[in-house]
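Enquirer: predicted model and sequence follow; I will ask about them next.
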Amino acid sequence: MMHGTEAQGDHAAHAATAADGHAADHAAAPLLRLIDIDKSFPGVHALRGVSLDIHAGEVHVILGQNGAGKSTLIKTLYGAHAADNGHIEVEGRRVAVARPADASALGIAVIFQEFSLVPYLDIAQNIYLGREAAFARFGLIDSAAMHAAARTILDDLGLDYDSHAYAADLGVAQQQMVEIAKALSQNARVLVMDEPTAAISEREAERLFATIARLTQKNVAIVYISHRMKEVQMLGDRITILRDGAVVTSVLRDEMTQAEMVGAMIGRPSGSQLARTPRAPGDPILFARGISTAKLSDISIEIRAGEVVGLAGLVGSGRTEVVRALFGADPITGGEIALSGSRAPATLDARVRAGMALLPEDRKREGLALPLDIRDNATVASLWRRFTSGWFSPAAAERDTRGLIAQLGIAAHGTHQTVRTLSGGNQQKVVLAKWLAAGSRLFLLDEPTRGVDVGAKAEIYRLIDQLVDGGAGVVVISSELPELVQLCDRAYVMRDHRIVGHLDDDALTERAILELVVHQ
């Protein structure tokens, strides 16, 4: 296995060679082209005429905020999504990529953040999963031949792995390398890596970079998705920036500064932001110090009455894990949480009774009982509070629910309409209704406007303002930077499951958030 200094030197040599050969490389026909790719989903225009040229032997970095269209682009290239318009060419020949098998046959492989290895198959079995017939001898699998072939690929990547080891016994970085070996065993000529260093150490990342250098020297094209500017400028031969589903620019590595890249991702001058109405917060409602869980490290956060606090960061940075830990949905392994000056109750139910509320990211699976009606969903968290005698009163529940429907402007035929039949925005309002009925004072809102229309989004903003005006504390997780800047009085910024910055007043800008997110 290469050491870190060797890895950096290997990549540095590749970078110098790539820089010297740029003119020749990019004069040649691209290995793969995406031409005017368009893709829409209900209510979302995910890709807008995206065109990319991918050249053999280069690292092509794709940059963009959450929601810029990167994931949709990858899935379209891989055949998981069918483009509405546009087409793909490989070596100048128009091809059809209707399913992942088509992409694989063309030499296109994708390593997603969530790996696809089968835990209790060994490395060789994972590499050749679904292709065991190549090693069939008289109706039986020649295991020795399969392991020998796997060993050849692992050796070529400089990996001193035992091909008989189970995937479940490998670390994250080792699993990632096996995914690369699996892709190369299929003769991949284009290898897409989605945030490959998100869950590995710096030393492991250096080994990955050395592997990337080896692959490009063998004329494999790498499409590399990352938000880490150090990696972008070290690895990228060409950098393409997406915003709102469209290509903003595509440049060679030295043609754009980090600040210019950040500005292109945001799409507006750094001083351009929606005005916030200053608030005077009250006493602390929640104080967490040194919180750690299976995924989080040393999280400290304070929420005061009458303020909106943002949690910013990339998808997977740990934002959701923070609010789940505060709410009591995930166990903490260290640190302490105080509510209104007293130690927070240990159980989730007790924290609800103490005034905490969580609007989860996946409202349909975790926030609502879809087969039930509005009344049942809106009153489920407040039964203990509303019916202290232990007897449920349908008439009282009906009356309370009608009041909540009027207060929140829920568009429904009545209290007995099934929640499944409501629009996304109205479903979100029902989740809020549940917590209003419970008398909550601290609202943890995870992507509260995701998947709702413009009108419903404005209504949710109005409700958040009403909550804080009434003395509640609100935490908002959002992948939309303008939304965070508009809504929040201050924000914590997360990266790699840690808080890496705190922004308030005039310091809370889109550029400042993004600079912390991308390691600038």
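Expert: Sure thing, it's come through.

Enquirer: any regions of the chain where pLDDT drops low?
Expert: Low-confidence segments of the chain (pLDDT under 70): 1-27, 43, 66, 199, 201, 268-278, 451-455, 519-520.

Enquirer: break this structure into its domains for me.
Expert: Split into domains by automatic domain parsing, the chain comes to 4-107+189-266, 119-186, 284-517.

Enquirer: let me have these in JSON lines, adding distance to Q113 as columns.
Expert: C-betas here are computed from N, CA, C, even on glycine. Formatted as JSON lines, the domains of the chain follow (distance: least, CB to CB, whole Å):
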{"stretch": "domain 4-107+189-266", "distance to Q113": "5"}
{"stretch": "domain 119-186", "distance to Q113": "10"}
{"stretch": "domain 284-517", "distance to Q113": "7"}
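
Enquirer: what would the ones you listed look like in a markdown table with mean neighbour count?
Expert: Shown next, in a markdown table, are the domains of the chain (neighbours: other CB atoms under 10 Å):
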| stretch | mean neighbour count |
| --- | --- |
| domain 4-107+189-266 | 18 |
| domain 119-186 | 17 |
| domain 284-517 | 19 |
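
Enquirer: for V248, which three-state class applies?
Expert: Counting by DSSP: H, G, I helix; E, B strand; the rest coil, the backbone at V248 sits in strand.

Enquirer: please, where are all the strands along the stretch 401-520 of the chain?
Expert: Ranges of strands within the stretch 401-520 of the chain are 442-446, 473-477, 490-495, 498-504, based on DSSP state E, counting those that start in this stretch.

Enquirer: turn those strands into CSV, including distance to L339.
Expert: CSV is the format used below for the strands of the stretch 401-520 of the chain (distance: least, CB to CB, whole Å):
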stretch, distance to L339
strand 442-446, 7
strand 473-477, 10
strand 490-495, 18
strand 498-504, 20
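
Enquirer: do you know which of these lies nearest M177?
Expert: For M177, the closest of the strands of the stretch 401-520 of the chain is strand 490-495, at 23.7 Å, according to CB to CB.

Enquirer: could you spell out the sheet neighbours of that closest one, each with its direction?
Expert: In the sheet, strand 490-495 lines up against strand 307-312 (parallel), strand 498-504 (antiparallel) (DSSP bridges).

Enquirer: relative to V251, which of the strands of the stretch 401-520 of the chain is closest?
Expert: strand 490-495 (24.9 Å).

Enquirer: just to revisit the earlier point, okay, the strands paired with strand 490-495 in JSON lines with distance to A437 next?
Expert: Output for the strands paired with strand 490-495, formatted as JSON lines (distance: least, CB to CB, whole Å):
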{"stretch": "strand 307-312", "distance to A437": "21"}
{"stretch": "strand 498-504", "distance to A437": "32"}
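
Enquirer: wait, which of those is closest to G158?
Expert: Of the strands paired with strand 490-495, the one closest to G158 (CB to CB) turns out to be strand 498-504, at 30.9 Å.

Enquirer: can I get that closest one in PDB, CA atoms only?
Expert: The C-alpha atoms that make up strand 498-504 are tabulated as PDB, following Å, rounded to 0.1, in the frame of the first residue of the first chain:
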ATOM      1  CA  ARG A 498     -18.800  18.500  13.700                       C
ATOM      2  CA  ILE A 499     -19.800  22.100  14.100                       C
ATOM      3  CA  VAL A 500     -17.100  24.100  12.300                       C
ATOM      4  CA  GLY A 501     -18.500  27.700  12.600                       C
ATOM      5  CA  HIS A 502     -21.100  30.000  14.100                       C
ATOM      6  CA  LEU A 503     -22.400  33.000  12.100                       C
ATOM      7  CA  ASP A 504     -24.700  35.700  13.300                       C
END
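
Enquirer: the spatially most central residue of the chain sits in which helix or strand?
Expert: By CA atoms, centre = their mean, the mean C-alpha position of the chain lies nearest to V315, the distance being 2.6 Å. Under the criterion DSSP states H and E, no helix or strand holds V315.

Enquirer: hey, where'd the strands end up in the stretch 51-200 of the chain?
Expert: 59-63, 85-90, 93-95, 108-111, 136-137, 140-141, 190-194.

Enquirer: indicate which one of those strands is closest to H227.
Expert: Comparison of the strands of the stretch 51-200 of the chain against H227 by CB to CB identifies strand 59-63 as nearest, at 7.2 Å.

Enquirer: any residues touching the closest one, and which ones?
Expert: 18, 52, 54, 70, 73, 212, 216, 221-227, 232, 235-242, 261, 265 (CB atoms under 8 Å, 6 or more residues apart in numbering).

Enquirer: looking at the strands paired with strand 490-495, which is nearest to R207?
Expert: Across the strands paired with strand 490-495, R207 has its closest neighbour in strand 498-504 (22.8 Å, CB to CB).

Enquirer: which residue, other than its chain neighbours, is closest to V232?
Expert: V61 (5.1 Å; CB to CB, 6 or more residues apart in numbering).

Enquirer: do the same with R238
Expert: That would be H60: by CB to CB, 6+ apart, it lies 4.9 Å from R238.

Enquirer: partners of that neighbour in the sheet?
Expert: V223, R238.

Enquirer: tell me the spacing between it and Q125.
Expert: The gap separating H60 from Q125 is 32 Å, by CB to CB, to the nearest Å.

Enquirer: phi, psi of Y128?
Expert: The phi/psi pair for Y128 (degrees, to the nearest 10) reads phi -110, psi 20.

Enquirer: list the contacts of it.
Expert: Y128 neighbours (CB under 8 Å, 6+ apart): A134, F135, M146, A149, A150, S185.

Enquirer: can you check Y120 too?
Expert: By CB under 8 Å, 6+ apart, the contact list for Y120 reads Y166, A167, A168.

Enquirer: go again using 6 Å as the cut-off
Expert: Y166, A168 (CB atoms under 6 Å, 6 or more residues apart in numbering).

Enquirer: tell me how far it lies from H164.
Expert: Taken as CB to CB, the span from Y120 to H164 is 13 Å.

Enquirer: likewise D465?
Expert: Distance from D465 to H164, by CB to CB: 60 Å.

Enquirer: E89 now?
Expert: Applying CB to CB, the value for E89 to H164 is 41 Å.

Enquirer: and what of A105?
Expert: A105 is 29 Å from H164, by CB to CB.

Enquirer: how about A264?
Expert: Using CB to CB, A264 is found at 48 Å from H164.

Enquirer: ditto for Q258
Expert: 45 Å.

Enquirer: repeat that for V431.
Expert: For V431, the distance to H164 (CB to CB) stands at 49 Å.

Enquirer: now E366
Expert: From E366 to H164 the distance is 40 Å (CB to CB).

Enquirer: ok, now Q125?
Expert: For Q125 relative to H164 (CB to CB), the value is 9 Å.

Enquirer: swap in D36?
Expert: Taking CB to CB as the measure, D36 falls 47 Å from H164.

Enquirer: coming back round to it: relative to V518, which of the strands of the stretch 401-520 of the chain is closest?
Expert: Counting by CB to CB, V518 lies closest to strand 490-495 out of the strands of the stretch 401-520 of the chain; the figure is 8.6 Å.

Enquirer: now do that closest one: everything it contacts.
Expert: By CB under 6 Å, 6+ apart, strand 490-495 touches 309-313, 317-319, 484, 499-504, 508, 513, 516.

Enquirer: and what of stretch 32-40?
Expert: By CB under 6 Å, 6+ apart, the surrounding residues in contact with stretch 32-40 are 46-47, 49-54, 72, 76, 83-90, 190.

Enquirer: then stretch 215-233?
Expert: So stretch 215-233 is contacted by 14, 31, 54, 56-57, 59-62, 70, 190-195, 212, 258, 314, 518-520 (CB under 6 Å, 6+ apart).

Enquirer: chain center to it: distance?
Expert: Chain-centre distance of stretch 215-233: 19 Å, with CA atoms, centre = their mean, to the nearest Å.
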